[in-house]
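next comes the sequence, and after it the predicted model I'd like to discuss.
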Amino acid sequence: MKVLLYGGTFDPPHNGHMNNLRAALDLVRPDRAIVMPAGTPPHKAASATPGEVRLAMCDCFKALSPLVEVSDWEIRRGGRSYTYNTLEMLQQQCPGAELFLSIGSDMLLSFPRWNRWRDILQMATLVVESRRPGDALALHTAAQQLQASGGRVLFARAESYPCASSSLRTGAIPRARWGDLLPAEVLRVIEERDLYREPAPVTEKEAHHDL
């Protein structure tokens, strides 16, 4: 069995996230694909939106494939969310399964700063989607370094998408454009819950929860 994990803050999930998961699905062709919204990242400023709301928005990913499921495991678990713990849970839940971890190109470049990154390399194959054109050399250099440490890295061809969740929350991208950038399911939740009316403060670039 092949199990693909796609985690993140998803505050909110946008079409770029959809493109990344679509590319990973096409490459890996997993038996299960699990979208895992983060619980409490060590950098709490990364998300002020409640976990259950981000979980509801993540239902948008189910439109990509009947194999996609959305898990609230990290949110229910409480405390800080680390990828190592999530992969450990999946190993226990799916004994003998081949695990794949879908990440963006920025995460590959910072991967050696992740919590227990060497252990993660032994647990799962990294599936990397590039979000920016022209970064191939840096990505392949980073991949070679991780492979030298015993990891396995695959590259999925994802359409580059000029959008970031932080730009939506801060108002850098006006709401008038959101219909072109967000899945309909996400827009519905945002309108029903009246989210992001007050622009979020500009903080450091959203950090992955393992840094």
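Received, thanks. Numbering: from 1, shown residues only.

what ranges do the helices span in this protein?
Using DSSP state H, the helices of the chain run over residues 15-28, 51-57, 73-77, 83-93, 105-109, 117-123, 136-148, 165-169, 178-181, 184-193.

as a markdown table, these with mean pLDDT and distance to residue 67 would be great.
Every residue, glycine included, has its C-beta placed from N, CA and C. Formatted as a markdown table, the helices of the chain follow (pLDDT from 0 to 100; distance: least, C-beta to C-beta, whole Å):
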| stretch | mean pLDDT | distance to residue 67 |
| --- | --- | --- |
| helix 15-28 | 96 | 7 |
| helix 51-57 | 96 | 19 |
| helix 73-77 | 94 | 17 |
| helix 83-93 | 97 | 15 |
| helix 105-109 | 91 | 23 |
| helix 117-123 | 97 | 21 |
| helix 136-148 | 91 | 26 |
| helix 165-169 | 93 | 24 |
| helix 178-181 | 95 | 25 |
| helix 184-193 | 96 | 18 |
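
would you list the ones you listed in a markdown table and tack on distance to residue 5 and mean neighbour count?
A markdown table is the format used below for the helices of the chain (distance: least, C-beta to C-beta, whole Å; neighbours: other C-beta atoms under 10 Å):
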| stretch | distance to residue 5 | mean neighbour count |
| --- | --- | --- |
| helix 15-28 | 10 | 21 |
| helix 51-57 | 16 | 20 |
| helix 73-77 | 11 | 17 |
| helix 83-93 | 7 | 18 |
| helix 105-109 | 13 | 20 |
| helix 117-123 | 10 | 17 |
| helix 136-148 | 17 | 14 |
| helix 165-169 | 19 | 20 |
| helix 178-181 | 24 | 14 |
| helix 184-193 | 20 | 16 |
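
residue 34 is nearest to which of those helices?
helix 83-93 (7.5 Å; C-beta to C-beta).

returning to that earlier point: could the helices of the chain be laid out in a markdown table, adding distance to residue 99?
Output for these, formatted as a markdown table (distance: least, C-beta to C-beta, whole Å):
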| stretch | distance to residue 99 |
| --- | --- |
| helix 15-28 | 10 |
| helix 51-57 | 22 |
| helix 73-77 | 14 |
| helix 83-93 | 6 |
| helix 105-109 | 16 |
| helix 117-123 | 6 |
| helix 136-148 | 16 |
| helix 165-169 | 25 |
| helix 178-181 | 31 |
| helix 184-193 | 27 |
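
to residue 64, which of these lies closest?
Of all those, helix 15-28 sits nearest to residue 64, with 5.5 Å by C-beta to C-beta.

now do the closest one: distance to the chain's middle.
Computed by C-alpha atoms, centre = their mean, to the nearest Å, the chain-centroid distance of helix 15-28 equals 10 Å.
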